[in-house]
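Got a predicted structure plus its sequence, pasted below:
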Amino acid sequence: MDSNSQQAKDSETLALIEEYLAGPGRFGIDPKALSILDNVDSSRSEIASVEHLIDPVIAMRLRKLAGAVFRGMARHGTPTTFNDVIATLGMMPARTLIIAIALFSRLGPEHRRLETVSTAVSIFAKIIAEQMGFDRAAAEEAALGGLLLDLGRVVIAMYQSATKVELGPDFERRHHRRIASSVIAQFNLPDFILEIVQEDRFVLQRRAFSIQGVVFLASALVEKITDASGLIELKSPLPAVAGNLEVTLGSVFFDYFVQIGLGRFVRIIPC
């Protein structure tokens, strides 16, 4: 196929993907939910109403994510009300996570590895940022940037799952950034996510890693330890007694995956 024919075919496919993204009610998110989370002055009752403005599957996954974050290194339990969920996650992260969950939930089983890898990159990016001394806000940005680093590839996979059309790796390589930009604009996602997705070079600050650098480091790490089926293997010390309050990085990582229903994709080898 000559270059002009390829460009014409790609343009037609991109238009179909954008039409798919714009479909009414496609992702189970009432726009009111996103508006409420955009407004720092939203009342408690408005925030509580978000749970009923999103698909029940998304709401359940968001609760599990909040539970995993809330437990963290402290093992304090789980949030109870939806206001607790949003308070635990933060309004901007919760808004971003709702969109991410909606997209991941529409991946077919043949593309489930994308969610596993994205989740692992998110967790490792946050851990690395914290260990490097980044403040909490920067560590959260690293986590969200890691989760959505492959946003364009996720959308292409969603489209393939929905239409049973095989687009191939070359199409993905050529266009995943453009598609990610469209989704970021459509859902008004934070600018730092666009910066991370669009940059393909490793960015350093004057005397420190950038958030994008941390995300790329986490991505390279996850790629190294994840097999073709999506299984992640780690060697880590584990608590001496199951159910006690002791935690290690390995147990936190595994518990996070268990909480969000992806525990079968992680294997921890005690050491």
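Nice, thanks for sending it over. Residues are numbered from 1 along each chain as shown.

now Ser42, what's its secondary structure?
Look at Ser42: counting by DSSP: H, G, I helix; E, B strand; the rest coil, its state is coil.

ok, and the closest non-adjacent residue to Glu51?
Spatially, and ignoring its direct neighbours in sequence, Glu51 is nearest to Phe82 (4.3 Å; Cβ to Cβ, 6 or more residues apart in numbering). Placement of C-beta: from N, CA and C, glycine included.

got the contact list for the one you found?
Phe82 makes contacts with 47-48, 50-51, 59, 63, as judged by Cβ atoms under 8 Å, 6 or more residues apart in numbering.

Which parts of the stretch 101-250 of the chain are strands?
232-236 (DSSP state E, counting those that start in this stretch).

Most neighbours of all the contacts of Phe82, which one?
Ranked by the number of neighbours (other Cβ atoms under 10 Å), the contacts of Phe82 place Val50 first, at 27 neighbours.

Give me the distance between that one and Ile98.
8 Å (Cβ to Cβ, to the nearest Å).

in the chain, which segments are predicted with low confidence?
1, 24-26, 70-78, 241-246 (pLDDT under 70).

Could you list the domains of it?
Using automatic domain parsing, the domain ranges for the chain come out as 3-226, 231-271.

need the contact list for the residue lying closest to Asp55 once chain neighbours are set aside.
Excluding the flanking residues, the one nearest Asp55 by Cβ to Cβ, 6+ apart is Gly28, at 2.9 Å. Going by Cβ under 8 Å, 6+ apart, Gly28 touches 54-55, 57-58, 102.

ok, back up a step: which residues do Val50 and Ile98 both contact?
Residues touching both Val50 and Ile98 by Cβ under 8 Å, 6+ apart: 33, 37.

now the spatially most central residue of the chain: how far from Pro190?
Centroid-nearest residue in the chain, with Cα atoms, centre = their mean: Leu147, separated by 2.8 Å. Per Cβ to Cβ, Leu147 is found 12 Å from Pro190.

list residues touching both of the two?
Common neighbours of Leu147 and Pro190 (Cβ under 8 Å, 6+ apart) are Thr96.
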